[in-house]
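J.: Quick check, what structure comes out for this input:
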Amino acid sequence: MTSQPQHRHAETERHGMQDPQHEKTASQDAGDLGDDQLVNQPVTYWTGAAHTALASFVDAEHASLGVTQRHGMTLNRLARIEGGLTRTGLTEALREYMTPQVGTVSTYAEILDDLLDRGWITCDDSGRFTLTDTGRRARARLAAAAPRIRGRIHRGVSDEDYVIALRVLYRMIANVDH
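T.: Next up, the predicted model:
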């Protein structure tokens with residue numbers, strides 16, 4: 001018997017989901033279900049499971065390169081903004097991408113300080129951060145790894161299926177967005 005509340009078992013049974021304590025992974029469970037069972041699966045469970053799995057994978061890949069996903073996001077944002085951004089501007093620009101899996105806004109200052117310590121960014125007298133040449137080279141190394149990371153995530157998923165999945169998610173978000 002697991003320590004999960006009884007109502008969780010009822011929910012998993014009602015939606016045809018495997019018990020989360022089951023030995024199979026979420027992707028194996030979904031692969032074992034027919035369309036008639038998948039249509040009744042709770043989208044919030046699967047989008048959450050997808051976010052957790054993908055963010056963990058991307059974070060591990062970034063860690064193997066000596067950075068976090070937020071390091072890469074910061075370098076990418078600064079590369080696109082002529083004249084740089086302030087600490088507040090960067091935080092606000094990246095806020096929507098920060099989740100518990102990626103990292104929260106409350107710890108973002110540590111990332112900026114680390115990038116400064118590495119010499120990848122610099123801060124001018126007006127408080128604006130910009131990339132250094134070292135930062136541009138680091139960003140290029142991260143960008144070189146992106147096709148490999150994307151390839152692993154997209155393995156077995158055609159571009160057509162990927163686009164359909166994103167369009168469905170966009171539609172669901174629009175359906176509930178106020």
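J.: Which phi and psi values does the spatially most central residue of the chain adopt?
T.: With distances taken as Cα atoms, centre = their mean, Ala55 lies nearest the centre of the chain, 3.9 Å away. Main-chain torsions, Ala55, degrees, to the nearest 10: phi -60, psi -40.
J.: Next: Leu85.
T.: Residue torsions, per degrees, to the nearest 10, at Leu85 are phi -140, psi 150.
J.: Next one: it, what pLDDT does it get?
T.: In this model, Leu85 is scored at 88, pLDDT.
J.: beta partners for it?
T.: Phe129 (DSSP bridges).
J.: My guess is it contacts Phe129. True?
T.: Yes - shown here, Leu85 and Phe129 form a contact pair, counting by Cβ atoms under 8 Å, at 5.9 Å. (Glycine included, C-beta is placed from N, CA and C.)
J.: residues of stretch 111-120 that come out buried?
T.: Ile111, Leu112, Asp114, Leu115, Trp120 (16 or more other Cβ atoms under 10 Å).
J.: Mind giving me the packing neighbours of whichever strand or helix holds the first one?
T.: It stands for Ile111. Element membership for Ile111 (DSSP states H and E) is helix 108-118. Under the contact criterion of 3 or more Cβ pairs under 8 Å, 6 or more residues apart in numbering; DSSP states H and E, helix 108-118 touches helix 69-80, helix 87-94, strand 121-123, helix 133-154.
J.: hey, which of those is tucked in deepest?
T.: Highest mean neighbour count of the helices and strands packed on helix 108-118: helix 69-80, a mean of 20 (counted as mean count of other Cβ atoms under 10 Å).
J.: Which of the helices and strands in this protein ranks last by mean pLDDT?
T.: helix 6-14 (a mean of 40; mean pLDDT, DSSP states H and E).
J.: Would you list the phi and psi of Pro42?
T.: Backbone geometry at Pro42, expressed as degrees, to the nearest 10, gives phi -70, psi 120.
J.: any idea how far it lies from Arg148?
T.: 32 Å (Cβ to Cβ, to the nearest Å).
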